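>>> structure for this input, please:
(chains A and B)
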Amino acid sequence: MNAALWVAKTGLAAQDKALAVVSNNLANVSTNGFKKDRVVFQDLLYQVERAPGGANGDDAQLPSGIQIGTGVKISGTRKVFSNGSMQVTGQALDVAINGRGFFQIQRPDGIVGYTRDGQFQVNSDGAVVTAEGYLLEPQINIPAGSSVITIGKDGSVSAVEQGTGLSTVVGNITLADFANPEGLLAMGGNNYVETEASGPPNIGTPSEIGLGSLEQGAVENSNVSSVEELVNMITTQRAYEMNSKVISAADQMLSYLNQQL
Amino acid sequence: MDKAIYMASQTATNMMRAQALVANNMANAATSGFKADRFTMVSQEITGGEYGARSTARLAGGGVDLTAGPMQQTGRDLDVAISGRSLFAVQVNEDQQAFTRNGDFKVSPEGLLTTQQGQPVLGELGVIPVPVYESISIGQDGSVSVVPPGGGMVRLDRLKMVTPVENLDVFKGDDGLIRFKGEVPEPDITATLQSGFLEGSNVNGASALVELMNLSRQFEMSVNLMSRLDDAESSANDAISSN
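Here you go, the predicted model:
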């Protein structure tokens, strides 16, 4: 059978997956702290039918070999950790990271999760939690009846005690950073967990050792650019069409062969 | 038997194999840094007959098309697009070098600058270890520098870039990475790159489609020829057996 058929099939499969990634990005265009995925295409193995530079007789050398590739695959999708734009909300417990780093949260499965979504709330016990109700790590408790909560650029959380009017530090938010954040595993719900590819977290105080500073009263928007994603969608669709043209050409050739002989 | 039918069938087979090559180019129309493969047909004389009247076509490689692909802006610090026809050097296996145009790099958990597949990217001094950094940048001349925690800029190395003279000087290995047929040239100190960009595939969709159509028609011509030769053979048989 015509090898072109199988090669074009890999192209269709890869472009199809790429479209799913583009549509997931577009679906999350307004998810706070969402980081877009980018598809990484990779060519498949080549069949080296004739090695170039091989001897062809005593004095002759083959000027060029022939290598026929076997198609394409998606070698991975990669999170792009560029910063999203800041949206000022004025909420005391909305915190955006301006620069590198992740908030650490306690996931229900016991693994530490990492997120850029800093829309926090206080649960019934007074602890600071994410929108899903997961505790911020290290845990911070806001004493009952506190009025004004201030979060500094360095992560210090202070609350004004009602009655006395004194501001006391109730905890510190720390950030985690990774050698290769793109290696983090996305768990959905806006959080990530560490993997061998990401390396272990380096935990530190915000605005120090390369970590971003915290901005109270703001959330980080999704870093998806709708213009870019729509262009990606068009190019994906055209690449898909090209591969389907190859399939129909190869099919017509085989059909002609079968009819004529 | 008439030997012409074998020649026609060989041409048809060659057209099919060439089409697989074009199909692979088209399948990689979205692969960063992909370089299209080219092919040629060379004439090969068939010896062994009474007289040298016949020659057939053989599919031969036409090298790697090193034309630059379009630049796509990504804004990522570790995405680099090289200008002209120069190539980045990466390490495969222990001590083997291969070359690529795909400047989609990352810092591995072990702290090395690598490709997305994990092959270490080579600088002029060897592999490039990257310390913990606040920010990383790759300059136009390929210098990799980091700002370590606390500030100050440290230059680590310059990416090793080499420039092949001819498309035919290089070939693709079975992993798709480019290799030199002969000696690897000295690092090119004039090579430049652009950070925050990736180079797209240099496959030209329109010309690949035309190539595909052309191959289809040539295939049909060979098949048609086979069928005509079959008819001729059959009428010859009829003519002989009727006597």
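>>> and the longest helix anywhere in chain A, average pLDDT?
If you go by DSSP state H, chain A has its longest helix at helix A:226-260. Throughout helix A:226-260, pLDDT has a mean value of 92.
>>> list the contacts for B:Arg58?
B:Arg58 makes contacts with B:14, B:41-44, as judged by C-beta atoms under 8 Å, 6 or more residues apart in numbering or on different chains. C-betas here are computed from N, CA, C, even on glycine.
>>> make that B:Asn28, sorry
Here B:Asn28 is in contact with A:11, A:41, A:43, A:69, A:71-72, B:34, B:36, B:201, B:203 (C-beta under 8 Å, 6+ apart).
>>> most neighbours of all those residues, which one?
A:Val72 (30 neighbours; other C-beta atoms under 10 Å in any protein chain shown).
>>> just to revisit the earlier point, and the furthest pair within the contacts of B:Arg58?
Maximum pairwise distance in these, criterion C-beta to C-beta, is 11.9 Å, between B:Asn14 and B:Ser43.
>>> need the residues touching each of these two.
Residues within reach of B:Asn14 and of B:Ser43 at once, by C-beta under 8 Å, 6+ apart, are B:57-58.
>>> so which of these two has more stuff around it?
B:Asn14 (21 against 8).
>>> with adjacent residues omitted, what lies nearest to that one?
B:Leu59 (4.6 Å; C-beta to C-beta, 6 or more residues apart in numbering or on different chains).
>>> what bridges to B:Thr56?
The residues listed as beta-bridge partners of B:Thr56 by DSSP bridges are B:Gln44.
>>> which ones are touching it?
B:Thr56 makes contacts with B:7, B:10-11, B:43-44, B:46, as judged by C-beta under 8 Å, 6+ apart.
>>> how close does B:Thr115 sit to B:Gly126?
Distance from B:Thr115 to B:Gly126, counting by C-beta to C-beta, to the nearest Å: 16 Å.
>>> give me the distance between the nearest residue to B:Ser135 once chain neighbours are set aside and A:Gly210.
Nearest residue to B:Ser135 in three dimensions, chain neighbours excluded: B:Val147, at 4.7 Å (C-beta to C-beta, 6+ apart). Distance of B:Val147 to A:Gly210, given as C-beta to C-beta: 8 Å.
>>> tell me which of those two has more neighbours.
Between B:Val147 and A:Gly210, counted using other C-beta under 10 Å, the more crowded position is A:Gly210 (21 against 15).
>>> hang on, the more buried one packs against A:Arg100?
Yes: assessed by C-beta atoms under 8 Å, A:Gly210 is found in contact with A:Arg100 at 6.1 Å.
>>> intersection of neighbour lists for these two?
In contact with both A:Gly210 and A:Arg100: A:177, B:134, using C-beta under 8 Å, 6+ apart.
>>> and the lengthiest helix in chain B with helix A:226-260, angle?
The longest helix of chain B (DSSP H) is helix B:205-241. Using axes from the mean of the first three to the mean of the last three C-alpha atoms, to 10 degrees, the interaxial angle of helix B:205-241 with respect to helix A:226-260 works out to 0 degrees.
>>> which helices and strands sit right next to helix B:205-241?
Helix B:205-241 sits against helix A:226-260, helix B:4-27, with contacts defined as 3 or more C-beta pairs under 8 Å, 6 or more residues apart in numbering or on different chains; DSSP states H and E.
>>> what mean pLDDT does that helix get?
On average, helix B:205-241 scores 92.
>>> just want the angle from that helix to helix B:4-27.
160 degrees.
>>> what comes up buried for helix B:205-241?
Applying a neighbour-count criterion of 16 or more other C-beta atoms under 10 Å in any protein chain shown, one finds B:205, B:208-209, B:211-212, B:215-216, B:218-220, B:222-223, B:225-227, B:229 buried in helix B:205-241.
>>> what's the answer for stretch A:137-154, then?
Across stretch A:137-154, burial judged by 16+ other C-beta under 10 Å covers A:137, A:140-142, A:146, A:149, A:151-152.
>>> show the end-to-end separation of it, please.
This stretch, stretch A:137-154, spans 16 Å end to end (C-alpha to C-alpha, to the nearest Å).
>>> report the distance from it to the chain centre.
Here the centre of stretch A:137-154 is set off from its chain's centre by 30 Å, with C-alpha atoms, centre = their mean, to the nearest Å.
>>> need the contact partners of it.
Residues contacting stretch A:137-154 (C-beta under 8 Å, 6+ apart): A:92-93, A:95, A:104-106, A:112, A:122, A:125-128, A:157-163, A:167, A:170-174, A:205-208, A:213-216.
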